[in-house]
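Enquirer: No letters, just coordinates:
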């Protein structure tokens with residue numbers, strides 16, 4: 001995975017990010033390849049592994065004490081802290097760092113994981129296509145896909161609300177507020193979360209210490 005290949009791939013997918021607001025992102029890094037330290041076996045593609053020492057420690061996956069009222073198995077996304085927590089049944093939570101896009105900040109209410117995708121394909125919405133006729137109608141899953149290695153598709157009332165918790169090819173964006181996207185995680189972290197949560201899992205969003213309802 002060369003720097004040149006990474007840069008070309010990132011520039012190609014930037015305008016296509018899930019839930020995006022049609023504002024392309026430019027990677028503010030000098031050498032993208034320096035973020036990667038190897039791969040994790042997966043099918044049909046290996047997962048690029050990130051050097052998490054480059055992240056602030058609070059955004060690295062860890063088990064933390066948790067005293068909130070949510071039932072075990074609930075996903076709680078804290079917009080302000082840029083952290084996603086999966087509540088456990090022993091007074092702890094598995095905590096992951098996330099990047100939050102503009103539409104992630106607008107998300108309100110309680111959602112459920114309506115379906116899950118492995119190396120998911122990406123399809124632009126009708127609105128996206130109307131604003132940018134050059135968008136491909138389909139980008140197949142892979143290491144250059146903006147949804148990354150896994151995606152959790154969120155529903156309300158049985159309807160897909162077009163919000164996603166998904167992987168990212170921009171690990172430097174973890175912990176940041178981005179101009180586009182929903183809730184993004186390191187690819188190895190979304191793989192871990194994917195394995196832990198079933199379809200039907202409750203997802204709550206917290207802002208300013210309160211749930212956005």
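Expert: All right, it came through fine. Keep in mind the model is a prediction, meaning the values are calculated, not measured. Numbers count the residues shown, from 1 in each chain.
Enquirer: for the residue sitting nearest the centre point of the chain, what are its contacts?
Expert: Note on the chain: the residue nearest the mean C-alpha position is residue 184, at 2.0 Å, using C-alpha atoms, centre = their mean. The contact partners of residue 184, taken as C-beta atoms under 8 Å, 6 or more residues apart in numbering, are 98-101, 148, 165-168, 170, 173-174, 178. C-beta here means a position set from N, CA and C on the backbone, and glycine is covered the same way.
Enquirer: Which member of those is positioned nearest residue 157?
Expert: If you rank the contacts of residue 184 by distance to residue 157 using C-beta to C-beta, residue 165 comes first, at 18.5 Å.
Enquirer: The closest one sits in which helix or strand?
Expert: strand 159-168 (DSSP states H and E).
Enquirer: for residue 177, which residues make a bridge with it?
Expert: Counting by DSSP bridges, residue 177 forms beta bridges with residue 100.
Enquirer: After the least confident helix or strand in the chain by mean pLDDT, which helix or strand is next? Please name it.
Expert: In the chain, no helix or strand scores lower on mean pLDDT, DSSP states H and E than helix 3-13, which sits at a mean of 36. Reading on from helix 3-13 to the C-terminus, the next helix or strand found by DSSP H and E is strand 36-40.
Enquirer: Give me the distance between that following strand and the centre of its chain.
Expert: Its chain's C-alpha centre and that of strand 36-40 lie 18 Å apart, by C-alpha atoms, centre = their mean, to the nearest Å.
Enquirer: Direction included, what does it pair against?
Expert: According to DSSP bridges, strand 36-40 forms sheet pairs with strand 47-50 (antiparallel).
Enquirer: Quick check: which element contains residue 84?
Expert: Assigned by DSSP H and E, residue 84 falls within strand 83-87.
Enquirer: Beyond that strand, next helix or strand please.
Expert: Downstream of strand 83-87, the first helix or strand assigned by DSSP H and E is strand 92-97.
Enquirer: which residues are in contact with that following strand?
Expert: Here strand 92-97 has contacts from 55-56, 58-66, 68, 76, 82-88, 174-175, 185-186, 189, 192-193, 196, using C-beta under 8 Å, 6+ apart.
Enquirer: same thing with stretch 65-76?
Expert: Defining contact as C-beta under 8 Å, 6+ apart, one finds that stretch 65-76 is touched by 84-89, 91-93, 113, 165, 193, 197, 201-206.
Enquirer: Quick check on those: which are buried?
Expert: Buried subset of these (neighbour count, 16 or more other C-beta atoms under 10 Å): 84-87, 92-93, 113, 165, 193, 197, 201-206.
Enquirer: Of those, which is the nearest to residue 121?
Expert: Residue 121 lies nearest to residue 165 out of these, by C-beta to C-beta, at 16.7 Å.
Enquirer: who's in contact with the closest one?
Expert: Under the criterion of C-beta under 8 Å, 6+ apart, the neighbours of residue 165 are 75, 77, 84, 98, 151-152, 154, 182-185, 190, 193, 203.
Enquirer: got JSON lines for those, with pLDDT and secondary structure too?
Expert: Output for the contacts of residue 165, formatted as JSON lines (pLDDT from 0 to 100; DSSP: H, G, I helix; E, B strand; the rest coil):
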{"residue": "75", "pLDDT": "98", "secondary structure": "strand"}
{"residue": "77", "pLDDT": "95", "secondary structure": "strand"}
{"residue": "84", "pLDDT": "98", "secondary structure": "strand"}
{"residue": "98", "pLDDT": "97", "secondary structure": "coil"}
{"residue": "151", "pLDDT": "96", "secondary structure": "strand"}
{"residue": "152", "pLDDT": "97", "secondary structure": "strand"}
{"residue": "154", "pLDDT": "95", "secondary structure": "strand"}
{"residue": "182", "pLDDT": "85", "secondary structure": "coil"}
{"residue": "183", "pLDDT": "93", "secondary structure": "strand"}
{"residue": "184", "pLDDT": "95", "secondary structure": "strand"}
{"residue": "185", "pLDDT": "97", "secondary structure": "strand"}
{"residue": "190", "pLDDT": "98", "secondary structure": "helix"}
{"residue": "193", "pLDDT": "98", "secondary structure": "helix"}
{"residue": "203", "pLDDT": "97", "secondary structure": "strand"}
